[in-house]
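J.: Predicted coordinates and the sequence they were generated for:
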Amino acid sequence: MPGTWPPWVDPLLRDRLTATGVGCPWRHQQEAAELAWAGQHVVIGTGTGSGKSLAYQLPALTALRAGEERVLYLSPTKALAADQLRAVTDLELPGIRAAGYDGDVSREERAWVRAHANLIFTNPDMLHRSVLPGHARFRSYLRRLRFVVVDECHTYHGMFGAHVAQVLRRLRRICAHYGSSPTFVCTSATTANPSECAERLTGLPFAAIVDGAWGHGTLDFALYEPPASRTDPATRRSALTEAGDLLADLVAEGARAMAFVRSRAAAEITSAAARRALAELAPDLGERIGSYRAGYLAEERREIETGFRTGDILGLATTNALELGIDITGLDAVVVAGWPGTVASLWQQVGRAGRAGRAATAIFVARDDPLDTYLVHHPAAMFDRPVEATVVDPSNPFVLAPHLECAAAELPLTDADLALFPGSESVLTDLVAGGRLRRRQGGWFWARHDERPEADLRGRVGEAVALVERATGRLLGHVDRGAADRSVHDGAVYLHLGTTYVVDSLDLEAGIALLDEDEPPWTTVARQITDLRVVEVLEGAHLAGDSQAARLSFGDVAVTTQVVSYLRRRTGTGEVLSEHPLTLPSRRLLTRATILTVADAALAAAGLQPGRVPGAAHAAEHAAIGLLPLFVTCDRWDVGGVSTARHPDTGEMTIFVYDGHPGGAGFAQHGYRSARSWLTATRDAIADCRCETGCPACVQSPKCGNGNEPLDKSGAVLLLGAFLDHSAASGR
């Protein structure tokens, strides 16, 4: 519904916006802007393409035009921040000194920003690593800070969200030290709990604007399940190959299109498939297909962003690095290759196309995966399902501890500060006992002046591993240290900008992997072993010797993993060619898990004989992990699983589904609380699959460390049925 211009909006700003085609704000934009101008923290959670940026631009730019106040804009991605900076700069408003402040900005440029900018576009990582530790250099800016914009706040969930919540609390504390109390303006994709999300992130009360009607075009949405593979009828054609073909078809028909994929390697594979297809359809267009992902150098990313915005690049295969990124007028179609993790992400990706009232097309291409297969056969689960609640747990002690160290190093912590950091009392006691902090009459002080406290917001383990071309010494990119033993181990096949490399050697201690350009006729998959022990049951009460037929519990667990070998699989068919041993260190993770147990008698009554239990449990575990993202704001790669016919800590058949982050990220706990719905959908997805013995669409997993052996599809249906019949599992 159209609104009106608030009377306080700067006249020149209104005129410049009108010249860009903004006749007047929509009602939801006006309401959010009015609340922010009045000093009320506000979150605007309307749909993709609804113009949420205007809601913060009106109060923020008006304040900057009026005087000496300051505004800080935070984005989850560099691409989005760069696009928002461009939008403000294009208005050419006198008195607005807007600038980016991120890892791509030189030291000289940063000095200018600190001295002269009044609107800084940055990200939580830079706020954490540079602005807050060096707050004295920003004292003038922070003293005048009027607004803090947290764009796309729904993306701050899980462990990353918990870290960002602590950074924002540290920012509030430093602002108070300099005498300011900025108003927070958050934007979010449509989500089940926008105000709760913003409040958990900042610790402040929020008003929420969630309804809005605005002009947008029609959307034709297609669900596509790839056909069976010619070489292996038990599997389907690769979703990435199909997405590449669709991207090529769209570009050949004159459309500008974007294909969203799940990983860095997938972006390379999809763009290569599109170029191959265009070699036959329209050879002159092949060079106008690109790929975009994390790991590229800054100048490479800027070149790709500019090319896509100007139309030099017509088709782009990208990870979610551009899900929230550049606003491209004239984008006609989006291909989504595989479930993106959440309903919110799906509509965010699809919403890249069809802006400014244009009609658009979206195509969801199902992977050979339990969740994707379930969705194309149960479309109501996609289109009629409410958007998930955002999962954020700022009290996680593994997150809280390093941020309390950072806060104490920035300014000594006092008793008055503790209300900002829920759960901090016991953590502070442990930090003092460990010699990390000192307790004095004035508060808690950082005790190790010869080093700087650190917290990795992205959950990485140590510094990133540099990828170096052995023959030339050229830096190709980086990979997280925690993922290096799975992705760039000795002998691993690695894709970068369409070029295939083979890893010659990985030195984790030095943080370097040396790669050789090569094109072997195989891909590689790491295999790992996992051991899990129960530390403490927090909800439910299952212990060894409990005679209840089936029980669901939730608790603390210790998980030890080690990559022990890798498989070479023939390109195209997936046939295993050979296995090669690796010598890599083990990793120990203290986290939280949902624990599912079924007694021997209940399994036998369901018709499941002892010899089938290991394969049934393993298959049920895989499928449960695959379906969890339908009920929780997570990705299957955010969680792990272990299954066994008899676990020493329970004495029974047990399946664990655990958070893949230290201390837990809230995913397993939300799965525990929606277990009946989750596990019922899991059973139905397995039973509905048309394969005979199990396939990637039901019980096989791409991340299985045991090569998907053993698996018993029909046994998994019996096992889950026995659990659902005998347990008191809750669920929506």
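T.: Yep, it's here.
J.: which residues does A317 form a beta bridge with?
T.: Beta bridges link A317 to A259, S291 when assigned by DSSP bridges.
J.: List the residues that contact it.
T.: Residues near A317 by Cβ atoms under 8 Å, 6 or more residues apart in numbering: 243-244, 247, 258-259, 261, 266-268, 270-271, 274, 289-292. Glycine gets a C-beta too; all of them are placed from N, C-alpha and C.
J.: which one of those has the most neighbours?
T.: A274 (34 neighbours; other Cβ atoms under 10 Å).
J.: Now it: which helix or strand?
T.: Element membership for A274, per DSSP states H and E: helix 264-281.
J.: starting at the chain centroid, how far to that helix?
T.: Here the centre of helix 264-281 is set off from its chain's centre by 24 Å, with Cα atoms, centre = their mean, to the nearest Å.
J.: same question, stretch 108-124
T.: Worked out by Cα atoms, centre = their mean, stretch 108-124 lies 27 Å from the chain centre.
J.: Now do it, average pLDDT.
T.: The average pLDDT for stretch 108-124 rounds to 94.
J.: for it, which positions count as buried?
T.: For stretch 108-124, the buried set under the neighbour-count rule, 16 or more other Cβ atoms under 10 Å, comprises R110, V113, R114, A117, N118, L119, I120, F121, T122, N123, P124.
J.: any idea which of those residues is closest to Y672?
T.: Nearest to Y672, judged by Cβ to Cβ, of the buried residues of stretch 108-124 is P124 at 28.8 Å.
J.: Now for the residue nearest to N123 when sequence neighbours are not counted: which residues touch it?
T.: Leaving aside its sequence neighbours, N123 sits nearest to S75 (Cβ to Cβ, 6 or more residues apart in numbering; 5.5 Å). Residues counted as contacts of S75 (Cβ under 8 Å, 6+ apart) are A81, Q84, F121, T122, N123, D151, E152, L324.
J.: L61 now?
T.: Taking Cβ under 8 Å, 6+ apart as the contact definition, L61 lies against D10, L13, V88, L91, L93, I96, L119.
J.: Check these for burial and list the buried ones.
T.: Burial by neighbour count, 16+ other Cβ under 10 Å: within those this picks out D10, L13, V88, L91, L93, I96, L119.
J.: Could you export those residues to TSV, including columns for secondary structure?
T.: Formatted as TSV, those follow (DSSP: H, G, I helix; E, B strand; the rest coil):
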residue	secondary structure
D10	coil
L13	helix
V88	helix
L91	coil
L93	coil
I96	coil
L119	strand
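J.: How about the contacts made by A274?
T.: G244, D245, L247, A248, V251, A259, I289, G315, A317.
J.: again with H478
T.: With Cβ under 8 Å, 6+ apart, H478 has these contacts: G295, A464, V465, A466, L467.
J.: Show me what the residue lying closest to the first one once chain neighbours are set aside bridges to in the sheet.
T.: Spelled out, it's G295. With sequence-adjacent residues excluded and distances taken as Cβ to Cβ, 6+ apart, G295 is closest to G477, at 4.0 Å. Beta-bridge partners recorded for G477 (DSSP bridges): L467.
J.: G477: neighbouring residues, count only.
T.: G477: 19 neighbours (other Cβ under 10 Å).
J.: if I read this right, it contacts R293, doesn't it?
T.: No. With contacts counted by Cβ atoms under 8 Å, G477 stays clear of R293, the gap being 9.2 Å.
J.: Roughly how far does the nearest residue to Q700 once chain neighbours are set aside sit from A623?
T.: Leaving aside its sequence neighbours, Q700 sits nearest to N708 (Cβ to Cβ, 6+ apart; 4.7 Å). Remark: distance between N708 and A623 (Cβ to Cβ, to the nearest Å) = 12 Å.
J.: ok, and for stretch 628-647, which residues are buried?
T.: Buried-residue list, stretch 628-647, by 16+ other Cβ under 10 Å: 628-636, 638-645, 647.
J.: Out of the contacts of A317, which comes closest to L508?
T.: E268 (24.0 Å).
J.: Domain ranges for the chain, per the record?
T.: As assigned by automatic domain parsing, the chain contains the domains 11-209, 219-368, 465-520, 528-726.
J.: quick one, which of those domains is nearest to V399?
T.: domain 11-209 (4.4 Å).
J.: Can you get me the start-to-end distance on that closest one?
T.: Counting by Cα to Cα, to the nearest Å, you get 25 Å between the two ends of domain 11-209.
J.: What strand or helix carries C695?
T.: Assigned by DSSP H and E, C695 falls outside every helix and strand.
J.: correct me, but it touches D368?
T.: Yes. Proximity of C695 to D368 meets the contact threshold set by Cβ under 8 Å, at 6.7 Å.
J.: overlap in contacts of these two?
T.: By Cβ under 8 Å, 6+ apart, the residues touching both C695 and D368 are T235.
J.: Assign a three-state SS to T591, would you?
T.: strand.
J.: quick one, what contacts it?
T.: Applying Cβ under 8 Å, 6+ apart, the residues contacting T591 are D556, V557, V559, Y658, D659, G660, H661, P662, G663, G664, A668.
J.: Tell me which residues touch the third one, please.
T.: What that stands for is V559. Contacts of V559 by Cβ under 8 Å, 6+ apart are T530, D531, L532, R588, L589, L590, T591, G640, V642, Y658.
J.: Tell me if I am right that it is in a helix.
T.: No. Applying three-state DSSP, one finds V559 to be strand, outside a helix.
J.: and after the one helix or strand G671 maps to, which helix or strand comes next?
T.: In the assignment (DSSP H and E), G671 maps to helix 667-673. Of the helices and strands lying after helix 667-673 in sequence (DSSP H and E), the nearest is helix 675-688.
J.: Next secondary structure after that next one?
T.: Next element after helix 675-688 (DSSP H and E): helix 713-726.
J.: Quick check, A645 in contact with P610.
T.: Yes. Using Cβ under 8 Å, A645 makes contact with P610 at a distance of 7.3 Å.
J.: Strands of the stretch 401-550 of the chain, start to end?
T.: 437-440, 443-446, 465-469, 475-479, 493-496, 499-507, 512-517, 522-539, 550-570 (DSSP state E, counting those that start in this stretch).
J.: can you tell which of those strands is closest to T414?
T.: Using Cβ to Cβ, the nearest of the strands of the stretch 401-550 of the chain to T414 is strand 443-446, at 4.1 Å.
J.: With just CA atoms, put that closest one into PDB.
T.: Presented in PDB, the C-alpha positions along strand 443-446 are these (Å, rounded to 0.1, in the frame of the first residue of the first chain):
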ATOM      1  CA  GLY A 443      36.500  -5.200  37.200                       C
ATOM      2  CA  TRP A 444      38.000  -7.800  34.900                       C
ATOM      3  CA  PHE A 445      41.200  -7.000  32.900                       C
ATOM      4  CA  TRP A 446      42.800  -8.700  30.000                       C
END
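J.: Could you shift the numbering so residue one becomes 174, and keep it that way?
T.: New numbering, starting at 174: the last item is strand 616-619.
J.: which residues are in contact with that strand?
T.: 577-578, 581-582, 585-588, 590, 601, 604-605, 609-611, 626.
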